[in-house]
Structures are given as C-alpha cells and as structure tokens.
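Peer 1: Let's see this in three dimensions:
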Amino acid sequence: MSPPTSSSFTNRFVESERLAVFIDGANLYASVRTLGFEIDYGKLLAFFRARGRLIRAYYYTAIFEENTEEKFSPLRPLVDWLDYNGYSVITKPTKEYTDMHGRRKLKGNMDMELAIDMMRIAPSVDHIVLLSGDGDFRRLVQVVQQQGVRVTAISTLKTSPPMVSDDLRRQVDEFYDLDDLRALITRDPHEGPPREHHHP
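Peer 2: Just a heads-up that it's a prediction; the model follows:
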C-alpha cells in the first residue's frame, strides 16, 4: 500500500471547519522516538493550517527545572521556539518523588490542563485533533463529542505495544497513524526547530 499523500488527508478535513489542535508532548515524543523520526513542528502547524481554520494549537509538557546552569532543561529551546512560532505552550515543573523501592522518579502529568482547555474551547470549534494515544482521554473525547465537536486522534498502532489505546481509538471520529504522516512532518536534521529531548 502506497503512503498517503497530503491530499488524502485533506479529504477527511473540512477547510471551513474551526479547528483546534491539542498535543500531549510526552506521549507524542515517545511515539515518534519509537517510530524513529523527529517532528518538524513548523511543518506540523502548516499541515493543520492547510486543513481548516486553525483557532489554536496547544502543546503540553512538564519541564524539569532547577535554577542552575548544570540542570538546564533540554526541553526549554523547543518550548521557546513553539511559543514564538504559533503554538500556545502550557508547561508545569516536574515533581520529584521516591518510589516504594527508594528510587528517585520524576512526575509531570499534564492531562488535567489539557482536559480543562479542551472543554473550554469546545463551544468555539467544529473539530478537535488530539495528538495522543492515552486512553485516559476517552471520556473527555466523549463529552466533547456530545457538544457536537468532531474529534480526531493521531497516534500509532505500528509500535509494540501500540501507543494508542483501543478505548480512545474506538471513541474518536477519525484516527490517523503518525507513521502515515511521517513524510509530511519529518524534521530535516539540518534545519527547523530545535530537537526535543524529554527528561527520563
């Protein structure tokens, strides 16, 4: 089967629709890293601007931050670039905790922030695109759909295990596999926004 073209994706979008995009940064990063490519966030934004009246593109990520140069967050350059280039960036500091085995871990879940913003913007849009495979969003998607909003999820089934949950995939109106978008949104290593490195 030949890879999808730009026009084949356009057929499932309506250019007159008011569109909002929600990017679960950590989930998307894990997906593309497993698939073996990097996203050009400029191309990604252009992809959606060509497929609807883009009202807002949100990017959510937790950032490991300590006020020392040695601990400078590797995510900061990407976040700054996104903020200046058409994205609404929502961040919060990661929290450090010790697990039951005495190991230090970092926690930075952005699900609540994403859900609040999606509920808030739903009355103002026709179509929401969620770049995440997290099954925790299934109920959120259902509630937004009940307000008359069409919801598309973008994640991948081509990893082992798949990055998208069955619950979420069944709930959304459309599902695209990230791997099928690869040719349209891959970052050229010699140009574009800085690389994204999530702290483990």
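Peer 1: Only C-alpha atoms from now on, for both contacts and neighbour counts.
Peer 2: Fine.
Peer 1: Report the contact partners of the most centrally placed residue in the chain.
Peer 2: Nearest to the geometric centre of the chain sits Ile23, at 2.3 Å (C-alpha atoms, centre = their mean). Each residue near Ile23 by C-alpha atoms under 8 Å, 6 or more residues apart in numbering is listed here: Ala57, Tyr58, Tyr59, Tyr60, Leu130, Leu131, Ser132.
Peer 1: what's the helix or strand for the fifth one?
Peer 2: The secondary structure element spanning Leu130 is strand 127-131 (assigned by DSSP states H and E).
Peer 1: Name every strand pairing with that strand and say which way it goes.
Peer 2: strand 18-24 (parallel), strand 150-155 (parallel) (DSSP bridges).
Peer 1: Make CSV out of those strands and add mean pLDDT and distance to Arg33.
Peer 2: Below are those laid out as CSV (pLDDT from 0 to 100; distance: least, C-alpha to C-alpha, whole Å):
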stretch, mean pLDDT, distance to Arg33
strand 18-24, 97, 14
strand 150-155, 96, 12
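Peer 1: Let me know which of those is the nearest to Thr34.
Peer 2: strand 150-155 (11.5 Å; C-alpha to C-alpha).
Peer 1: which strands and helices sit next to the next helix or strand after that closest one?
Peer 2: Using DSSP H and E, the helix or strand that directly follows strand 150-155 along the chain is helix 166-171. For helix 166-171, the packing partners by 3 or more C-alpha pairs under 8 Å, 6 or more residues apart in numbering; DSSP states H and E come out as helix 138-146.
Peer 1: Can you spell out which helices and strands pack onto the helix it packs on?
Peer 2: When contacts are defined as 3+ C-alpha pairs under 8 Å, 6+ apart, helix 138-146 packs onto helix 111-121, strand 150-155, helix 166-171.
Peer 1: average model confidence for the longest strand anywhere in the chain?
Peer 2: Secondary structure of the chain per DSSP state E: the longest strand is strand 53-63. What strand 53-63 shows for mean pLDDT is 93.
Peer 1: And the contacts of it?
Peer 2: In contact with strand 53-63 (C-alpha under 8 Å, 6+ apart) are residues 15-26, 45, 48, 73, 75-76, 86-94, 108-110, 113-114, 125, 199.
Peer 1: List the buried residues of that strand.
Peer 2: Arg53, Leu54, Arg56, Ala57, Tyr58, Tyr59, Tyr60, Thr61, Ala62, Ile63 (16 or more other C-alpha atoms under 10 Å).
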